[in-house]
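Colleague: A predicted structure for the sequence below; I have some questions about it.
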Amino acid sequence: MAKRKRDVPPEGDPSEAKVAAKKPKPQKQQPPAPVFPKLTSNGVTIQIVAGSYDRVLHGLTASIQPPAPKTQKSAVSFADTFLFNAHTSAIRCIAISPPSVPAPGQSQKVLLATGSTDERINIYNISAHPPSTRSVTDQKALSSLTPRPVLENAKNRELGTLLHHSGNITRLMFPNRSKLLTAAEDSTVGVARVRDWNLLHTFKCPVPKQYGRPSGDTAAAGGAPQGVNDFAVHPSNKIMLSVSKGEHCMRLWNLETGKKSRVLNFERAALAEIGEGRHSTGEARRIVWGSVDGEDEFAVGFDREILVYGMDCKVKCRVLGSERTKVHEFAYVKTDGEESVLAVATEDGRVCFFSTARENITAPAELAEGKKKETLPRAKLVAQLGGIKAGVTGRVKDFTVLPVEDEDGERLWFVVTAGSDGRVRLWRLEDGDLRSTGEEARQVGELLGTYSTDNRITCLEAFVMIPRPDGAEESEFEFDSEDEDEDEDDSDDE
């Protein structure tokens with residue numbers, strides 16, 4: 001039997017055959033532009049959820065109307081949506097998931113997760129739409145019997161409890177709609193799947209060794225401070241940074257392989273300069289990712305200072321500088337395009353906005369003779385919200401910044417702040433308030449309203465509610481469209 005000849009390319013330039021054999025490289029798709037909620041003539045509704053030391057989980061809505069032509073001020077009205085004892089001890093953290101995928105004839109919903117010192121993580125289902133006009137009319141009689149307006153939603157309900165941690169819950173986060181990341185004082189970070197609430201993976205952080213414990217320390221064996229203080233997931237959902245108690249370092253984790261990548265130690269000179277020397281813990285309390293000037297960076301928060309690191313893991317600048325105040329919460333806020341500012345909640349009732357861009361970083365300050373020379377550059381204070389000038393003196397325990405666009409396409413922000421005095425304040429920022437213009441920081445923000453919860457607030461989350469589509473009905477399941485996430489879940493399980 002004759003052998004079949006192979007197909008031989010015609011004689012000519014051999015490079016043409018090689019070029020033809022190469023597959024074209026797929027072009028990277030640009031991420032879609034973010035879509036912001038619209039502030040229409042009907043106004044906008046914000047769902048606010050606050051946890052407290054008193055074990056109370058308090059949900060309320062803030063209905064904001066557009067500015068009136070005469071007064072040029074926005075009117076806001078608050079109403080309670082739910083109020084109950086969610087845990088047996090103080091609530092430490094709260095997380096809210098992105099809304100579910102819109103489906104014809106169905107409403108959208110979000111998930112709410114709460115963590116406490118009772119080692120439990122409670123999961124709740126919350127409607128992403130404001131109550132319908134019919135339900136508002138039916139609850140007028142109930143509101144007439146209470147000292148405050150009440151606007152309940154029958155679809156806000158509890159789904160269950162997660163018990164995969166053996167320590168106080170310290171951090172909760174929904175990186176996307178299909179996963180929930182949890183951290184606790186048992187030195188672990190858990191990854192749970194939203195579809196069936198199974199624990200997919202556990203990142204185990206080593207327990208730090210204690211050196212030089214004083215003789216009067218009566219803590220039992222293994223009772224020394226330990227646990228994960230905070231973690232931050234990169235926007236690509238591929239890497240994660242974590243900081244723990246008793247450690248002068250941060251750990252980099254690979255979320256694709258589920259293993260530790262490397263350990264990044266804090267420089268001793270940098271810790272000493274920000275007041276975290278020999279007589280301090282030197283541990284980081286908070287960490288967040290951000291993007292400035294088109295480059296990724298992350299901010300690490302200590303007791304009274306924040307250090308900003310570049311992707312080369314070197315200190316870019318310090319944030320507070322001469323603002324010696326305790327740091328409670330901070331987050332990056334996108335302003336225009338690739339520009340961002342770092343918002344920091346302080347002890348004296350302010351939310352300060354700092355610019356960490358290269359052109360706004362100043363050289364280290366010159367000190368008098370006999371004092372140690374500073375080596376870390378400082379970020380620029382662009383604006384501040386609240387404080388004594390606005391009549392706010394108590395500490396800001398937590399805050400949330402919500403971007404919104406008006407009918408003309410101009411961006412504005414609603415800032416929800418919560419203090420230890422139990423008051424929730426709603427502020428409005430205009431388009432140019434967060435831009436760096438002069439040398440001195442500006443006092444920005446308009447206080448729209450204040451609501452007293454009568455509880456000592458520890459954490460707060462909020463989101464802009466989606467207008468209810470015509471003919472939408474409430475579904476019986478929290479997520480009805482998870483087909484697009486099944487492939488991602490299966491790949492993560494492998």
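Modeller: Alright, I've got the coordinates. The model shown is predicted, which means the values in this text are computed figures rather than measured ones.
Colleague: for the chain, give me the ranges with low pLDDT.
Modeller: Scanning the chain for pLDDT under 70 picks out 1-36, 68-72, 132-145, 210-224, 337-338, 365-372, 470-494.
Colleague: so for it, the centremost residue is which one?
Modeller: Central residue of the chain (CA atoms, centre = their mean): residue 331, 6.8 Å from the mean position.
Colleague: backbone dihedrals for that one, please?
Modeller: Per-residue torsions, residue 331: phi -160, psi 150 (degrees, to the nearest 10).
Colleague: the stretch 1-150 of the chain: strands as residue ranges?
Modeller: 38-39, 44-52, 56-64, 76-85, 91-96, 109-116, 121-127 (DSSP state E, counting those that start in this stretch).
Colleague: make a markdown table out of those strands and add mean neighbour count and distance to residue 429.
Modeller: Any C-beta I mention is one placed from the backbone N, CA and C, and that applies to glycine too. Below are the strands of the stretch 1-150 of the chain laid out as a markdown table (neighbours: other CB atoms under 10 Å; distance: least, CB to CB, whole Å):
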| stretch | mean neighbour count | distance to residue 429 |
| --- | --- | --- |
| strand 38-39 | 18 | 13 |
| strand 44-52 | 23 | 14 |
| strand 56-64 | 21 | 13 |
| strand 76-85 | 17 | 15 |
| strand 91-96 | 23 | 21 |
| strand 109-116 | 24 | 24 |
| strand 121-127 | 21 | 26 |
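Colleague: residue 236: which of those strands is closest?
Modeller: Distance to residue 236, taken as CB to CB, is lowest for strand 91-96 among those, at 19.5 Å.
Colleague: next, the angle from that closest one to strand 121-127.
Modeller: Taking axes from the mean of the first three to the mean of the last three CA atoms, to 10 degrees, one finds strand 91-96 and strand 121-127 inclined to each other by 40 degrees.
Colleague: can you show me the CA trace of strand 91-96 as CSV?
Modeller: Extracted C-alpha coordinates of strand 91-96, given in CSV (Å, rounded to 0.1, in the frame of the first residue of the first chain):
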residue,chain,number,x,y,z
ILE,A,91,-21.2,44.0,65.5
ARG,A,92,-17.7,44.5,64.0
CYS,A,93,-18.1,44.7,60.2
ILE,A,94,-20.7,44.8,57.4
ALA,A,95,-20.4,44.0,53.7
ILE,A,96,-22.9,44.5,50.8
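Colleague: that one pairs with which strands?
Modeller: Using DSSP bridges, strand 91-96 pairs in its sheet with strand 109-116 (antiparallel).
Colleague: any idea how far the partner strand is from the chain center?
Modeller: Centroid separation between strand 109-116 and its chain, computed with CA atoms, centre = their mean, to the nearest Å, is 13 Å.
Colleague: out of the strands of the stretch 1-150 of the chain, which is closest to residue 415?
Modeller: Comparing the strands of the stretch 1-150 of the chain by their distance to residue 415 (CB to CB), the top pick is strand 44-52, with 10.7 Å.
Colleague: name the helices or strands packed onto the closest one?
Modeller: When contacts are defined as 3 or more CB pairs under 8 Å, 6 or more residues apart in numbering; DSSP states H and E, strand 44-52 packs onto strand 56-64, strand 91-96, strand 411-419, strand 423-429, strand 457-464.
Colleague: each with direction, which strands does the third one pair with?
Modeller: Using DSSP bridges, the strands paired with strand 411-419 in its sheet are strand 396-406 (antiparallel), strand 423-429 (antiparallel).
Colleague: CSV for the ones you listed, including distance to residue 188?
Modeller: Converted to CSV, the strands paired with strand 411-419 look like this (distance: least, CB to CB, whole Å):
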stretch, distance to residue 188
strand 396-406, 24
strand 423-429, 32
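Colleague: let me have those in CSV, extended by distance to residue 206 and mean neighbour count.
Modeller: Formatted as CSV, the strands paired with strand 411-419 follow (distance: least, CB to CB, whole Å; neighbours: other CB atoms under 10 Å):
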stretch, distance to residue 206, mean neighbour count
strand 396-406, 30, 20
strand 423-429, 39, 21
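Colleague: go through these and name the closest to residue 278.
Modeller: Of all the strands paired with strand 411-419, strand 396-406 sits nearest to residue 278, with 29.7 Å by CB to CB.
Colleague: what residues does that closest one touch?
Modeller: For strand 396-406, contacts defined as CB atoms under 8 Å, 6 or more residues apart in numbering pick out 36-39, 44, 46, 66, 328-329, 331, 333-334, 343, 345-346, 349-351, 386, 411-420, 457-464.
Colleague: can you tell me which of the residues you listed are buried?
Modeller: Buried by 16 or more other CB atoms under 10 Å: 36-37, 39, 44, 46, 328-329, 331, 333-334, 343, 345-346, 349-351, 386, 411-420, 457-464, out of these.
Colleague: next one: the residue nearest to the centre of the chain from residue 202, what distance?
Modeller: With distances taken as CB to CB, to the nearest Å, residue 331 is found 27 Å from residue 202.
Colleague: can you measure across stretch 168-184, start residue to end residue?
Modeller: Using CA to CA, to the nearest Å, the end-to-end distance of stretch 168-184 comes out at 5 Å.
Colleague: how about TSV for the helices and strands packed on strand 44-52, with distance to residue 148 added?
Modeller: As requested, the helices and strands packed on strand 44-52 are exported to TSV (distance: least, CB to CB, whole Å):
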stretch	distance to residue 148
strand 56-64	9
strand 91-96	21
strand 411-419	17
strand 423-429	13
strand 457-464	17
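Colleague: among those, which is nearest residue 393?
Modeller: With CB to CB as the measure, strand 411-419 is the member of those nearest residue 393 (9.3 Å).
Colleague: now do the closest one: distance to the chain's middle.
Modeller: Distance, centroid of strand 411-419 to centroid of chain: 14 Å (CA atoms, centre = their mean).
Colleague: stretch 241-250 now?
Modeller: Mean C-alpha position of stretch 241-250 versus that of the full chain (CA atoms, centre = their mean) differs by 19 Å.
Colleague: do stretch 86-94 as well
Modeller: When C-alpha coordinates are averaged (CA atoms, centre = their mean), stretch 86-94 and its chain have centres 18 Å apart.
Colleague: contacts for it?
Modeller: Applying CB under 8 Å, 6+ apart, the contact partners of stretch 86-94 are 49-57, 112-118, 120, 122, 168-172, 458-461.
Colleague: circling back: output the strands of the stretch 1-150 of the chain in TSV, with distance to residue 197 appended to each entry.
Modeller: Below are the strands of the stretch 1-150 of the chain laid out as TSV (distance: least, CB to CB, whole Å):
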stretch	distance to residue 197
strand 38-39	34
strand 44-52	20
strand 56-64	19
strand 76-85	21
strand 91-96	14
strand 109-116	10
strand 121-127	7
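Colleague: closest to residue 291 out of these?
Modeller: Proximity to residue 291 (CB to CB) singles out strand 91-96 among the strands of the stretch 1-150 of the chain, at 21.3 Å.
Colleague: go through stretch 266-275 and flag the buried ones.
Modeller: The neighbour-count check on stretch 266-275 (16+ other CB under 10 Å) flags 266, 270-271, 273-274 as buried.
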